[in-house]
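1. structure for this input, please:
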Amino acid sequence: MSADFLSSPPALSREDTARDLLQLTQLALAAPSLAAGVTPTLEKLVSETAAVGSAYFQLEGRELAYRVRAATGEMPATPGMQAIAAHGLPAGTPLLLALEQTAGPLFYDDTAASSDTAGFPELGVASVAAAPVRTRDGRLLGAFLMHTLTPHTWRSEEAALFTMVSGTIAALSGRLVAEEHARQAHEAALRALGLALEARDGETQGHTDRVTSLALRVAARLGWEPERLEALRWGAYLHDIGKIAVPDAILLKPGRLTEAEWVVMRSHVEAGGRFASALTFLPGAALDVIQDHHERWNGGGYPAGKAGEAISLEGRVFALCDVYDALTSHRPYKRAWTHEEAVAELRAQAGQQFDPTLVELMIAVTETSEDSLLA
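-> Numbers count the residues shown, from 1 in each chain. The predicted model follows:
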């Protein structure tokens with residue numbers, strides 16, 4: 001088969017291809033991330049064609065390189081391929097330049113026989129198929145690739161499958177990328193809000209990032225999915241956002257607050273809930289962090305006086321991590337407690353202020369390196 005664009009591939013002979021395509025589309029639409037959305041398609045290509053490996057490359061920012069966002073199957077064990085895995089394909093790669101000029105997939109039976117695939121033989125790729133992924137305005141955003149390690153003539157059935165599957169998922173990939181960019185923008189904005197509030201509140205520098213990191217480690221031990229971890233992270237950034245409504249005279253008062261001042265201070269939770277609820281993209285679990293992180297296991301907290309498991313798990317996890325970081329951080333009015341002192345206090349408050357099961361879990365996390373948690 002030539003390297004020319006297949007404008008009208010032969011009809012598929014297998015009746016279940018339409019069902020498979022529908023399933024892949026549903027998976028892409030429901031996927032929590034770009035990688036999760038396209039990986040089933042890559043796996044389908046490897047299982048249904050002679051390709052031994054498949055990958056999705058995407059142009060990343062100003063780097064002028066297309067980085068691997070998802071991959072499956074066998075990749076050549078060459079230094080060049082290892083470099084591509086780490087740094088991506090340069091935007092000037094001839095194959096990518098060829099994709100910029102075509103409306104659909106390109107097929108190369110022998111990479112040594114075409115200038116479009118210059119460099120691929122040295123990578124250990126003998127034949128390759130490539131499909132463009134474009135933005136709404138037609139710019140090349142990424143590419144689906146599948147390859148073999150020995151020369152292979154792409155059969156019409158393989159070409160038809162690649163054309164249909166990559167074309168459909170390519171259209172969805174653009175939407176997934178747009179949503180991913182929106183999430184990244186939301187993430188940056190929420191963290192910036194948290195850091196700005198930290199500076200105004202006189203918190204120890206780094207408190208927001210430290211407590212967020214610790215809460216995520218505890219949640220990872222609980223086996224939370226990425227979407228729930230994201231919600232916890234966003235809620236952590238905004239947990240005290242309601243303090244924007246607290247006057248400096250109260251928020252920054254060096255001495256004890258009066259009872260009337262405490263009423264104002266405690267109102268920051270409800271104010272934060274109102275502010276966060278106006279952010280329509282914020283998931284409910286993030287709101288739980290904001291609304292529940294001052295509740296107490298014994299019902300003595302605020303603003304709702306919730307007790308036990310009526311308090312959201314997100315709120316319970318974050319509250320525990322928040323207090324631990326506050327105890328072990330230096331403040332103008334106190335020295336930083338040692339880990340042992342903080343642990344003793346948390347255990348003393350287990351069943352009172354904190355969920356007793358979570359207390360022991362969080363202590364175990366603080367005594368385990370982050371690297372071991374990621375292993």
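2. give me the contacts around stretch 78-87.
-> 65, 67, 68, 71, 75, 119, 122, 123, 124, 125 (Cβ atoms under 8 Å, 6 or more residues apart in numbering). C-betas here are computed from N, CA, C, even on glycine.
3. rerun that using 6 Å as the cut-off
-> Around stretch 78-87, the neighbours that count as contacts under Cβ atoms under 6 Å, 6 or more residues apart in numbering are 68, 75, 122, 123, 124.
4. generate a PyMOL selection restricted to the buried entries among the residues you listed.
-> Buried members of those, identified by 16 or more other Cβ atoms under 10 Å, are gathered into one PyMOL selection as follows:
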select buried, resi 68+75+123+124
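5. pull out the buried residues from stretch 196-213.
-> With burial defined by 16+ other Cβ under 10 Å, the residues of stretch 196-213 counted as buried are 197, 198, 203, 204, 207, 208, 209, 210, 211, 212.
6. any stretches of the stretch 51-200 of the chain with poor pLDDT?
-> 61-63, 170-178, 180-181 (pLDDT under 70).
7. strands of that one, residue ranges please.
-> Ranges of strands within the stretch 51-200 of the chain are 53-59, 65-73, 89-90, 106-108, 127-134, 140-148, based on DSSP state E, counting those that start in this stretch.
8. so in that sheet, which strands flank the shortest one, and in what orientation?
-> According to DSSP bridges, strand 89-90 forms sheet pairs with strand 65-73 (antiparallel).
9. and the angle for the strand it pairs with with strand 53-59?
-> Relative orientation of strand 65-73 versus strand 53-59 (axes from the mean of the first three to the mean of the last three Cα atoms, to 10 degrees): 160 degrees.
10. now do strand 65-73: distance to the chain's middle.
-> Distance, stretch centre to chain centre, for strand 65-73: 16 Å (Cα atoms, centre = their mean, to the nearest Å).
11. list the contacts of that strand.
-> 34-35, 38-39, 42-43, 46, 52-60, 85, 88-90.
12. circling back: nearest to residue 162 among the strands of the stretch 51-200 of the chain would be which one?
-> Shortest distance between residue 162 and these, using Cβ to Cβ, is found for strand 127-134: 5.3 Å.
13. just the C-alpha atoms of the closest one, please, in CSV.
-> Listed in CSV are the C-alpha atoms of strand 127-134, where the atom choice follows Å, rounded to 0.1, in the frame of the first residue of the first chain:
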residue,chain,number,x,y,z
SER,A,127,6.4,0.4,9.0
VAL,A,128,4.1,3.1,10.4
ALA,A,129,0.6,4.5,10.1
ALA,A,130,-0.2,8.0,11.2
ALA,A,131,-3.4,10.0,11.7
PRO,A,132,-3.7,13.7,12.4
VAL,A,133,-5.5,15.2,15.3
ARG,A,134,-6.5,18.8,14.7
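14. looking at the protein, which helix is longest?
-> The helix that spans the most residues within the chain, counting by DSSP state H, is helix 156-201.
15. what packs against the following helix or strand past that helix?
-> Toward the C-terminal end, the helix or strand that comes next after helix 156-201 (DSSP states H and E) is helix 207-221. For helix 207-221, the elements it packs on are helix 156-201, helix 226-237, helix 313-327, helix 356-366, judged by 3 or more Cβ pairs under 6 Å, 6 or more residues apart in numbering; DSSP states H and E.
16. how close does residue 349 sit to residue 196?
-> Distance, residue 349 to residue 196, by Cβ to Cβ, to the nearest Å: 30 Å.
17. for the closest residue to residue 322 other than its chain neighbours, give me the pLDDT.
-> Residue nearest to residue 322 in three dimensions, not counting chain neighbours: residue 211, with 5.2 Å by Cβ to Cβ, 6 or more residues apart in numbering. Listed pLDDT for residue 211 reads 93.
18. contacts only, for residue 211.
-> Residue 211 neighbours (Cβ under 6 Å, 6+ apart): 321, 322, 325.
19. same question, residue 215
-> Counting by Cβ under 6 Å, 6+ apart, residue 215 makes contact with 232, 236, 317, 318, 321.
20. dump the residues you listed into CSV; add distance to residue 303 and neighbour count as well.
-> Conversion of the contacts of residue 215 to CSV gives the following (distance: Cβ to Cβ, whole Å; neighbours: other Cβ atoms under 10 Å):
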residue, distance to residue 303, neighbour count
232, 20, 26
236, 19, 29
317, 19, 28
318, 16, 26
321, 20, 26
